[in-house]
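S.K.: Here is the input, now give the coordinates:
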Amino acid sequence: MGDRLATPALLSDWLFTSAFGVYMLAALLCSAEYALTRHAAAPPSFAVRLGRSGVALTVLGGLLHLGSVALRGVATGRVPWGNMYEYLSAVGLIAVVAWLYVVSRYDLRRMSVFVLLPIASLLFLAGNRLYAEAAPLVPPLRSYWIVVHVAAAIMASGVFLLSGVVSALHLVGSGEFARKGKPRPTRLPPAEELDKIAYRTGAVGFLTLTFAIITGAVWAEQAWGRFWGWDPKETVAFVSWVCYAAYLHARATAGWRGRRSAWLNVVGLVVVLFNLFFVNLVAVGLHSYAGVD
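M.R.: The predicted structure is shown next:
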């Protein structure tokens, strides 16, 4: 298997590294647009060209990233999310695609640097600390449920990453962290617009997470003879579900809209990241054999 699959695996690694580099360059151009824009309503033409170039590079990076994920699947002859390296790579790809969709619908291009840097950090960690050679799935993961359940978990994580970053920007834009008497940053879009985007993406993530938990329970019953056992992974997944349910409910309640609900969304993202890293890499449980849910 080794010689025949060496080329796709190597190409996948090259594309992964190339995508990371392109994302960083895109973040640099978008940060230049943000720095050159003194007011959200009137960015200079030179800054606009830099920002558009940054978005074009993000599209290129996404295509390279997609090629990396696809070739990883070709190299292993399975779904390309069987370990933490592949899982985080897929989460990053979903976050990029989701952000490009948001940018195509809303005038948020200059905010790209705040989304691309967390994604690039995720990929840096995956490629440098969690990299794994292309190999077949471990026996417990050889089930068709890995296609459905883990794909849903990946999508939820990627969308939640975007939603949480947008909520953090909403808090900054609404003056939550500004010193007393100082105006809110004028480079940021209106807080109401950021709040709306965070809510819509959070709702998509919540529905996907709900589906992931349900399919995970069905898989657990087939594999371990019970639907739910309060394994560390299951417990923190449930906590994250409660956090996002509280966020969506709060966002729909007049007295909790705005800063309060945004804080709940940020807390939800923290729980997702805790589940992604601490529970997968440190905690011991039934999900520990592959470092992936």
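S.K.: Quickly find the element holding the residue nearest to Val270 when sequence neighbours are not counted.
M.R.: Leaving aside its chain neighbours, Val270 sits nearest to Gly164 (7.9 Å; criterion: CB to CB, 6 or more residues apart in numbering). The way it works is simple: take the backbone N, C-alpha and C, and place the C-beta from them, glycine included. Following DSSP states H and E, one finds Gly164 within helix 151-173.
S.K.: can you pull the alpha-carbon coordinates of that helix into PDB?
M.R.: Taking C-alpha atoms only, helix 151-173 is exported to PDB below (Å, rounded to 0.1, in the frame of the first residue of the first chain):
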ATOM      1  CA  ALA A 151     -19.000  14.900   9.200                       C
ATOM      2  CA  ALA A 152     -21.800  16.600  11.200                       C
ATOM      3  CA  ALA A 153     -19.500  17.200  14.100                       C
ATOM      4  CA  ILE A 154     -16.900  18.700  11.800                       C
ATOM      5  CA  MET A 155     -19.500  21.000  10.200                       C
ATOM      6  CA  ALA A 156     -20.800  22.100  13.600                       C
ATOM      7  CA  SER A 157     -17.300  22.900  14.900                       C
ATOM      8  CA  GLY A 158     -16.300  24.900  11.800                       C
ATOM      9  CA  VAL A 159     -19.500  27.000  11.800                       C
ATOM     10  CA  PHE A 160     -19.300  27.500  15.600                       C
ATOM     11  CA  LEU A 161     -15.800  28.800  15.100                       C
ATOM     12  CA  LEU A 162     -17.000  31.400  12.700                       C
ATOM     13  CA  SER A 163     -20.100  32.300  14.800                       C
ATOM     14  CA  GLY A 164     -18.000  32.700  18.000                       C
ATOM     15  CA  VAL A 165     -15.500  35.000  16.300                       C
ATOM     16  CA  VAL A 166     -18.300  37.200  14.900                       C
ATOM     17  CA  SER A 167     -19.800  37.400  18.300                       C
ATOM     18  CA  ALA A 168     -16.500  38.500  19.800                       C
ATOM     19  CA  LEU A 169     -16.300  41.200  17.100                       C
ATOM     20  CA  HIS A 170     -19.800  42.200  18.000                       C
ATOM     21  CA  LEU A 171     -18.700  42.700  21.600                       C
ATOM     22  CA  VAL A 172     -15.700  44.700  20.500                       C
ATOM     23  CA  GLY A 173     -17.800  46.700  18.100                       C
END
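S.K.: Run through the neighbouring helices and strands of it.
M.R.: Judged by 3 or more CB pairs under 8 Å, 6 or more residues apart in numbering; DSSP states H and E, the packing partners of helix 151-173 are helix 84-105, helix 112-129, helix 191-224, helix 259-274.
S.K.: what's the angle between the shortest one and helix 84-105?
M.R.: For helix 259-274 against helix 84-105, the angle between stretch directions is 150 degrees (axes from the mean of the first three to the mean of the last three CA atoms, to 10 degrees).
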